[in-house]
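S.K.: no sequence for this one, just the structure:
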Ligand SMILES: Nc1nc2c(ncn2[C@@H]2O[C@H](COP(=O)(O)OP(=O)(O)O)[C@@H](O)[C@H]2O)c(=O)[nH]1
Ligand SMILES: [Mg+2]
């Protein structure tokens, strides 16, 4: 037997062994995509998939740039009991005429994208290791904020919520709910009607906080993002105004609320963390940092708190309930400031620097626990183009887009058909400028945020629609998947 025969044989043997191993365990990665409501999850996922399926421009995604990405396609997801991410419908909205932003989703969904690539190593090529399944899991970030509830008793949670609702900025929003609480005796017997009334006013208060950009107060997360559970008893409770540690008679409103709070934890919070969250390998957290920047110092502080809470889920302390059920630890987490197309590209690095600064403490902590944490400013879909305007002899970098019907700029109201340019404002060069956020200083860095409609997509070479334009989606992909496609 010649040496070349041997090599041939060995490669064949390896190939068979590879096929065998592949059947046992197809390499798959579960990628969590989260963020608070309207952060841009649906848009991000739809654009990511569309760009991969249509060979979009992804110069900073190494496998694509190196010409090693052969094919991308959708496959049936492995979990039959989870709703599928409705890619076709979202894409249909975006490619419609006129293009529309996709309708928002309010629960968990999932989709399997398979990538075929040319491995770099000889051995991997010989083994035919050339496929990666990416299971994308889209879920509301609000649900992550529920984790701390698991360590709290109803009475402690209730006391804390009541205290927060009496703080200056929130008191006014809680007025109706407080009024009803004042008229109730929590130790009296109560029926469903009362439970429902208190819980509705509590939910209305949470919603108002949220509308004020007060992201950190949202737990219980399902009250604002109920998913399929809307109206169920486990979602019909409220804090009550009683001293911590009160013992209540059976049948009282207090006992009823306490039981529902416990049901919320065991039937809603725990199953989500156990069945979905604990199986994720990698995570991208989308953050509407521009919205918060515009909200001023309070909104930024709230965002910082919410993000720190979210990061705690990914790196729970050794004694927490969650660390006991994690099948595997998430090894890469990417924080992405979305909607960067609202800024001129000269501000994209600044936006990243600001988010990195906001997250400095939590990022260090995560890194010390062996997770790689990245930060990127991106736009899932770029709805603007850049240009310049001359104002009083100076040249200002501007962005142009089609303001959505009903948008107002100064005193002008738009109908969605007219292109318009604005000077979006710029971010401070030094993120430390945000550290001492006095109002006046802050306002000089206000960003003008106009809601633009999605862009019209011109046809690609083959007569099919071209790929959705984006900003830095390829960098995000490279951080999240690049090392698994080598
Ligand atoms: N200009 C721009 N707007 C975006 C982008 N991503 C999201 N949006 C806006 O934010 C809204 C909410 O996005 P969506 O993906 O539905 O958020 P989700 O609730 O996190 O799934 C959209 O309807 C758009 O108006 C983006 O990349 N660029
Ligand atoms: Mg969504």
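M.R.: Great, that's in hand. Please read these numbers as outputs of a predicted model, since none were measured by experiment. Residues are numbered from 1 along each chain as shown. Ligands and ions are numbered 1, 2, ... in the order given.
S.K.: Show me the chain divided up by domain.
M.R.: 10-139+276-381+471-485, 149-270 (automatic domain parsing).
S.K.: okay, those in a markdown table with mean pLDDT, mean neighbour count and distance to residue 394 next?
M.R.: Every residue, glycine included, has its C-beta placed from N, CA and C. Supplementary listing: the domains of the chain in a markdown table, determined by pLDDT from 0 to 100; neighbours: other C-beta atoms under 10 Å; distance: least, C-beta to C-beta, whole Å:
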| stretch | mean pLDDT | mean neighbour count | distance to residue 394 |
| --- | --- | --- | --- |
| domain 10-139+276-381+471-485 | 88 | 18 | 15 |
| domain 149-270 | 88 | 17 | 32 |
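S.K.: okay if I get those domains as JSON lines plus distance to residue 453?
M.R.: Output for the domains of the chain, formatted as JSON lines (distance: least, C-beta to C-beta, whole Å):
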{"stretch": "domain 10-139+276-381+471-485", "distance to residue 453": "6"}
{"stretch": "domain 149-270", "distance to residue 453": "23"}
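S.K.: what's the closest of these to ligand 1?
M.R.: domain 10-139+276-381+471-485 (3.3 Å; C-beta to the nearest ligand atom).
S.K.: anything in that closest one sitting right up against ligand 1?
M.R.: Yes. Counting by C-beta under 6 Å from any ligand atom, ligand 1 has neighbours in domain 10-139+276-381+471-485: 35, 37-43, 101-102, 104-105, 338-339, 341, 379-381.
S.K.: Show only the entries of those residues found in helices.
M.R.: Secondary structure assignment (DSSP state H) places 41, 42, 43 from those within helices.
S.K.: In the stretch 301-450 of the chain, which residue sits nearest ligand 2?
M.R.: Residue nearest to ligand 2 within the stretch 301-450 of the chain (C-beta to the ion): residue 380, separated by 10.9 Å.
S.K.: isn't that residue right up against residue 39?
M.R.: No. The pair formed by residue 380 and residue 39 falls short of the contact definition of C-beta atoms under 8 Å, at 10.0 Å.
S.K.: Stretch 234-244: end-to-end distance?
M.R.: With C-alpha to C-alpha, to the nearest Å as the measure, the ends of stretch 234-244 fall 22 Å from one another.
S.K.: before we move on, what about stretch 365-377?
M.R.: With C-alpha to C-alpha applied, stretch 365-377 spans 22 Å between its terminal residues.
S.K.: repeat for stretch 144-158
M.R.: Between the opening and closing residues of stretch 144-158 we find a distance of 19 Å, counting by C-alpha to C-alpha.
S.K.: does any part of it sit near ligand 1?
M.R.: No. If you take C-beta under 6 Å from any ligand atom as the test, stretch 144-158 misses ligand 1, and the best it gets is 13.3 Å.
S.K.: how far is that stretch from where the chain is centred?
M.R.: Offset of stretch 144-158 from its chain centre (C-alpha atoms, centre = their mean, to the nearest Å): 22 Å.
S.K.: Could you do stretch 395-409 as well?
M.R.: On C-alpha atoms, centre = their mean, the centre of stretch 395-409 falls 26 Å from that of its chain.
S.K.: Pick the one among the ones in helices among the residues of domain 10-139+276-381+471-485 next to ligand 1 closest to ligand 2.
M.R.: For these, with ligand 2 as the reference and C-beta to the ion as the criterion, the closest is residue 42, at 3.4 Å.
S.K.: Please name the residues that touch the closest one.
M.R.: 90, 102, 104, 105, 138 (C-beta atoms under 8 Å, 6 or more residues apart in numbering).
S.K.: what about 6 Å?
M.R.: The neighbours of residue 42, taking C-beta atoms under 6 Å, 6 or more residues apart in numbering as the test, are 90, 102, 105.
S.K.: how far away is it from residue 147?
M.R.: 24 Å (C-beta to C-beta, to the nearest Å).
S.K.: before we move on, what about residue 395?
M.R.: When C-beta to C-beta is applied, the distance between residue 395 and residue 147 equals 49 Å.
S.K.: Who has more neighbours out of the two?
M.R.: Ranked by neighbour count (other C-beta atoms under 10 Å), residue 395 and residue 147 place residue 147 first, with 22 against 9.
S.K.: Leaving out chain neighbours, which residue sits closest to the more buried one?
M.R.: residue 313 (5.1 Å; C-beta to C-beta, 6 or more residues apart in numbering).
S.K.: What ranges does the stretch 101-250 of the chain have for its helices?
M.R.: In order along the chain, the stretch 101-250 of the chain carries the following helices (DSSP state H, counting those that start in this stretch): 122-126, 154-165, 168-171, 175-183, 192-211.
S.K.: Let me know the secondary structure of whichever residue of the stretch 251-400 of the chain sits closest to ligand 2.
M.R.: Evaluated by C-beta to the ion, the stretch 251-400 of the chain has residue 286 as its residue closest to ligand 2, separated by 9.7 Å. State at residue 286, reduced to three classes by DSSP: H, G, I helix; E, B strand; the rest coil: strand.
S.K.: Not counting sequence-adjacent ones, nearest residue to it?
M.R.: Closest residue in space to residue 286, ignoring its immediate chain neighbours: residue 35 at 3.3 Å, by C-beta to C-beta, 6+ apart.
S.K.: Does that neighbour touch residue 45 like I think?
M.R.: No. No contact is recorded between residue 35 and residue 45 when judged using C-beta atoms under 6 Å, the distance being 10.9 Å.
S.K.: thinking again about what came up before, export the ones in helices among the residues of domain 10-139+276-381+471-485 next to ligand 1 as a markdown table, with columns for distance to residue 321.
M.R.: Putting these into a markdown table (distance: C-beta to C-beta, whole Å) gives the following:
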| residue | distance to residue 321 |
| --- | --- |
| 41 | 26 |
| 42 | 30 |
| 43 | 33 |
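S.K.: contacts with ligand 2 among those, please.
M.R.: Restricting these to those adjacent to ligand 2 (criterion: C-beta under 5 Å from the ion) gives 41, 42.
S.K.: so which of the ones in helices among the residues of domain 10-139+276-381+471-485 next to ligand 1 comes closest to residue 327?
M.R.: When those are compared for distance to residue 327, the smallest value, 23.2 Å, is given by residue 41; criterion: C-beta to C-beta.
S.K.: OK, contacts around the closest one?
M.R.: Contacts for residue 41 were tallied using C-beta under 6 Å, 6+ apart; they are 33, 35, 138, 286.
S.K.: Please apply the same query to residue 452.
M.R.: Contacts of residue 452 (C-beta under 6 Å, 6+ apart): 383, 384, 401, 402, 403.
S.K.: So residue 272, which state does it fall into?
M.R.: From three-state DSSP, the assignment for residue 272 is helix.
S.K.: burial of it, as a residue count?
M.R.: Number of residues near residue 272 (other C-beta under 10 Å) recorded here: 20.
S.K.: give the contact list for it.
M.R.: Taking C-beta under 6 Å, 6+ apart as the criterion, residue 272 is in contact with residue 143.
S.K.: And it, how far from ligand 1?
M.R.: From residue 272 across to ligand 1, the span is 17 Å (C-beta to the nearest ligand atom, to the nearest Å).
S.K.: if we can go back for a sec, shouldn't the residue nearest to residue 147 be within a strand?
M.R.: No. With the criterion set as three-state DSSP, the secondary structure at residue 313 is helix rather than a strand.
S.K.: From residue 418, how far out is it?
M.R.: As defined by C-beta to C-beta, residue 313 lies at a distance of 44 Å from residue 418.
S.K.: how about the helices in the stretch 301-450 of the chain?
M.R.: Chain-ordered helices for the stretch 301-450 of the chain, with DSSP H, counting those that start in this stretch as the definition, fall at 321-325, 348-358, 360-368, 439-443.
S.K.: Great, nothing more from me.
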